[in-house]
Every structure is written in structure tokens, then in C-alpha cells.
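A.B. asks: with the input below, show me the fold.
(one chain, ligands or ions: 2)
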Amino acid sequence: MKIAILGSGGREHAIACQISKSKKINKLYCLPGNAGTKLIAENVKIDIYDFEKLRKFVEEFKINLVIVGPEKPLVKGIVDFLTNKGIKVFGPDKFSSQLEGSKIFTKKICEKYKIPTAKFGVFNNVKDAYKYLEKAKKPIVVKADGLAAGKGVYICEDTESSKKAVDEIFNGKFGSADQILIEEFLQGEEMSYFVISDGKTFKKFNTAQDHKRVGEGDKGKNTGGMGAYSPSGLINEDLDFKIIEKVIKPTFNAIKDMKGKYKGFLYVGLMIKDNNPYLVEYNVRMGDPECQTILPLLETDLLDLILSCCEENLEDQIIKWKSKKSMCVVLCAKGYPDKYKKNIEIPNLETITNNKDTFIYHAGTEFVDNKIYATGGRVLNFVNISEDLKESRQTVIQEIEKLDWANGFYRKDIGFRIID
Ligand code: AMP
Ligand code: GLY
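C.D. replies: Numbering: from 1, shown residues only. Ligands and ions are numbered 1, 2, ... in the order given. Sure, this is the predicted structure:
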């Protein structure tokens, strides 16, 4: 088979590594990929948001399957577009992708299907939002409705900052906004729960915990994710049952009732309190860096799973996992998530070799004239799997220190809540 993976992050490199192990593969393309995917696939510089160009590429190169990594093309409707042209594609359709593309869409489903989540209000003007905020208990959470690359969520300690958030959102900081969401602040611990679905049924696809804040001790600005581990320390049989029955099943029922087709990964972002799940957000894709911790634990052939979703026979698949734990630490460019330098060489990367339990997944890297350059804020993902998270973290840190990249920084405390 000829397969194309869309995206260029650590998640896509991890997917490419897993897919490349399949015996069914003849040729793997990454669009546009990074310096890591270049070692196992052919990178093709193509604008993945230009659907027509993408279609031409897929037809010309006789691609049998397109796997979509990031959310943006999904929310823009790439799956509907390619499916209508008779191209096999793994990812949810445009309608279902609203689960990530519109927080208000998701909240309305929660309300109708009684899915546990933070109490909320939707406002279409500043005056009503202000009035509500003046009386509301603090902290309070103000959210932009659409995709905002993780930046459209404000956790506000007082009325003044919450009003400022409302102003910023209505003034178009995250694109034109007709509505905003204000919700109750949930106490508890966060957990990422994943499933894979073929549109008829779904199966659990492990759990993880990520660290979104830039600083140690989970302090400072929000980022795309500074590291993660899998499985989550919070999961147990009772909680698993509640997540499936109270959150995931009603969501897929809602999508089916509204005639959406959900073939793909679903990332369920939860707050856990007293062993009860509350939905914080949905993402219509794998998490990044959660994907980089989960896939190395997978024993089943990922391509078989994805194909079974496309054929709608996921029911027949048994998903097997290694009984190990996995840790990922992200090496970032100094300055991230604010301003950081681009096109800085990463020397000696080739001296750090992957082995059966230790891997590097590239994120913002590019290969030019036999050298590897950092081109993004999150640059490399260092991963280790073992019986013990503390051991894995030590191994990962040793590897990062071996590289000794002068322009990089990372968090040494990933997993501190269950390790330290
Ligand atoms: P979201 O993009 O909706 O996942 O929000 C980003 C982050 O903000 C989440 O991972 C949580 O850490 C936090 N967050 C969002 N909504 C709430 C809430 N209602 N209560 C507490 N924390 C929240
Ligand atoms: N790690 C958070 C995300 O992928 O959205």
C-alpha cells in the first residue's frame, strides 16, 4: 500500500514510525513531515490546506490511504472532500470535527445527552457576559468557541481579568467571535483518555497525562505540551466504566443521531474528581505529546487498526498493549511558548541512536544540506518505555543531556505527581 500522513509534528513522526513497521506498506509519504520522518518516509512539501492540490497529489501518486494527524484540516472538512473524490481517509468528517472545532457545539451535546461537564453559559454580547461575570463565583473560565491552538482558554481569578478575556475574544483575538463560552472552574486532576472509532463502534486506545504548562511544578504559560506519560495513574476499572458509559457512549450516540461519521481517534480531555469524570474538552485526533507515549506501547499493528476503521470492522479487532509504562519529555527551543529563534542547527543528533525502548520523535525540525535545524517551538520528543516511570525519566534526561543542545530547554519533572 501507499500511504500519506498529513502533518509535521511529533505525533505524526510517531504515527509514521508505527505505520512503517507494517508489512502492508510499500511506500510512505509525509506531508510535509520533518527531519525525523525523512528517515523512514518521503517528505513532500505540500500545502495540506489546499485540498485540490492534495487531491492531485493523491491521485497522481496512487495513494491508497490518507491519515490525518492534526485537527485543522479535519475541522476544515478534508475528510468529506477526499471521501467525495473516492479517496480512503482516516479521520472524522467535518460535522463530527466540531467536537473540537466548536466548544459550544460540544457543550450543547453535553447538555442534551446529560454528559457530566462544567456548568456553562453561552453569551453573544459583552454586556450580558459582564453582567454574568460580576455575580459568578471565581475562579471562572472564559473560552473562545473555535480552534485557538490551545490559547483560547482563560482561567480568571477575578471579575476584572474575566472581563478582559471577554473583550479580547469579542475583539477577534482568535478570529471573529459571535459567541463566547463561560464555564464553572472544575477542581480535580486532568487525564487524557483516547478511543479509536470506525463510525459504528469504538475501542479504548489507552490513557495518558500531559503537562501543558511551560514551567516545572506545572507553573507558567500554557504550551502545546511539555511532556507526557502513559498510562495515567488515575485510571481504574470503576472510572473506566464511568468514562465510557457517561461520556463517550452518549457522545458517539449524539454524533450518530445527527448523522455525523466518526472514523478516527477521539481524545477525551477529562477532569477527575472523587473518581468521577467531567468532560473538559474533546479533540478529534491523537494528543501531542500523548501520542508519542501511547504508540510505543501498542503491540497490535496500527495500520490494521486504521484500515479496520476505514472498512468499518473495528469490532473484530483486539487491541494489545505492552504491560509497560512510557515517558516522553519534549525538548523545546529557548523562549517557547513566546518568541524563539528558528533555523538553529542541532548538532550531533545522529550520535543519539534509537533502540528498542528509547526513541526520539522529531517535531519542529528540518533537514537541509545534511544538517538538522530546529524550526519550531517544540523540537524533539525523547521517549523511553520501561517497567518504571522514574527509570524512564532518568533515561530520557540522560539522552537529552547527551545531546546537550545549547538552544534547548526541557522540564525535568514530567510525571512528578506520580513519581516524586
Ligand atoms: P481546553 O482547551 O478546553 O482543554 O482547555 C485548556 C486547559 O484549560 C485544560 O486542559 C484545563 O487545564 C483548563 N481548563 C479548561 N476548562 C476548565 C474548567 N472548566 N475548569 C478547570 N480547568 C479548565
Ligand atoms: N497535548 C494536548 C493536545 O494535544 O491538545
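A.B. asks: quick one: contacts for residue 89?
C.D. replies: Listed by Cβ atoms under 8 Å, 6 or more residues apart in numbering, the contact set of residue 89 reads 65-68, 78-79, 82-83, 310. Yep, even glycine has a C-beta here, placed from its N, CA and C like the rest.
A.B. asks: now check stretch 112-129, is it near ligand 1?
C.D. replies: Yes - contact of stretch 112-129 with ligand 1 (Cβ under 6 Å from any ligand atom) involves residue 118.
A.B. asks: just give the nearest non-adjacent residue to residue 202, would you?
C.D. replies: In space, and not counting its chain neighbours, residue 202 is closest to residue 195: 4.6 Å by Cβ to Cβ, 6 or more residues apart in numbering.
A.B. asks: got the buried residues for the host helix or strand of the one you found?
C.D. replies: Residue 195 is part of strand 189-198 when elements are defined by DSSP states H and E. The neighbour-count check on strand 189-198 (16 or more other Cβ atoms under 10 Å) flags 190-198 as buried.
A.B. asks: who does that strand pair up with?
C.D. replies: For strand 189-198, the paired strands and their directions (DSSP bridges) read strand 202-210 (antiparallel), strand 263-273 (antiparallel).
A.B. asks: which one, of these, ends up nearest to ligand 1?
C.D. replies: When those are compared by Cβ to the nearest ligand atom, strand 263-273 sits nearest ligand 1, at 4.9 Å.
A.B. asks: next secondary structure after the closest one?
C.D. replies: strand 276-283.
A.B. asks: what angle separates that next one from strand 263-273?
C.D. replies: Counting by axes from the mean of the first three to the mean of the last three Cα atoms, to 10 degrees, strand 276-283 points 140 degrees away from the direction of strand 263-273.
A.B. asks: now look at strand 276-283 and say if it contacts ligand 2.
C.D. replies: Yes - residues of strand 276-283 contacting ligand 2 under Cβ under 6 Å from any ligand atom: residue 283.
A.B. asks: got the contact list for that strand?
C.D. replies: 71, 99-100, 103, 106, 110, 115-118, 186, 188, 190-191, 193, 239, 242-243, 246-247, 251, 266-272.
A.B. asks: state the next helix or strand along the chain beyond it.
C.D. replies: helix 290-294.
A.B. asks: what residues does that next one touch?
C.D. replies: 10-11, 13-15, 192, 194, 205-206, 208, 210, 225, 228-230, 267, 286, 326-328, 361, 381, 383.
A.B. asks: what's the offset of it from the middle of its chain?
C.D. replies: Chain-centre distance of helix 290-294: 9 Å, with Cα atoms, centre = their mean, to the nearest Å.
A.B. asks: you'd agree residue 49 is up against residue 75?
C.D. replies: No - with contact defined as Cβ atoms under 8 Å, residue 49 does not reach residue 75; the gap is 10.9 Å.
A.B. asks: what ranges of this protein fall below the confidence cut-off?
C.D. replies: Along the chain, the model assigns pLDDT under 70 to no residue.
A.B. asks: enumerate the residues of it near ligand 1.
C.D. replies: 118, 141, 150, 153, 155, 183, 185-186, 190, 212, 269, 280-281.
A.B. asks: and if we set it to 8 Å?
C.D. replies: 103, 117-118, 139, 141, 143, 148, 150, 152-153, 155, 183-187, 190, 212, 222, 269, 271, 280-281, 283 (Cβ under 8 Å from any ligand atom).
A.B. asks: pretty sure residue 396 sits in a helix.
C.D. replies: Yes - secondary structure of residue 396 (DSSP: H, G, I helix; E, B strand; the rest coil): part of a helix.
A.B. asks: contact partners for it?
C.D. replies: So residue 396 contacts 327-329, 358, 382-384 (Cβ under 8 Å, 6+ apart).
A.B. asks: of these, which is the nearest to residue 339?
C.D. replies: residue 329 (22.4 Å; Cβ to Cβ).
A.B. asks: so the closest one, which of the three states?
C.D. replies: strand.
A.B. asks: now the one 3 residues further on
C.D. replies: For residue 332, the reduced secondary structure class is strand; criterion used: three-state DSSP.
A.B. asks: about what we covered before: ok, which pair from the contacts of residue 89 is furthest apart?
C.D. replies: Of all the pairs that these form, the one spanning the most space (Cβ to Cβ) is 78 and 310, at 14.7 Å.
A.B. asks: and the closest residue to ligand 1 within the stretch 201-350 of the chain, what are its bridge partners?
C.D. replies: The stretch 201-350 of the chain approaches ligand 1 most closely through residue 281 (3.5 Å), counting by Cβ to the nearest ligand atom. Beta-bridge partners of residue 281, counted by DSSP bridges, are residue 269.
A.B. asks: now swap in residue 123 and tell me
C.D. replies: Residues in beta-bridge contact with residue 123 (DSSP bridges): residue 180.
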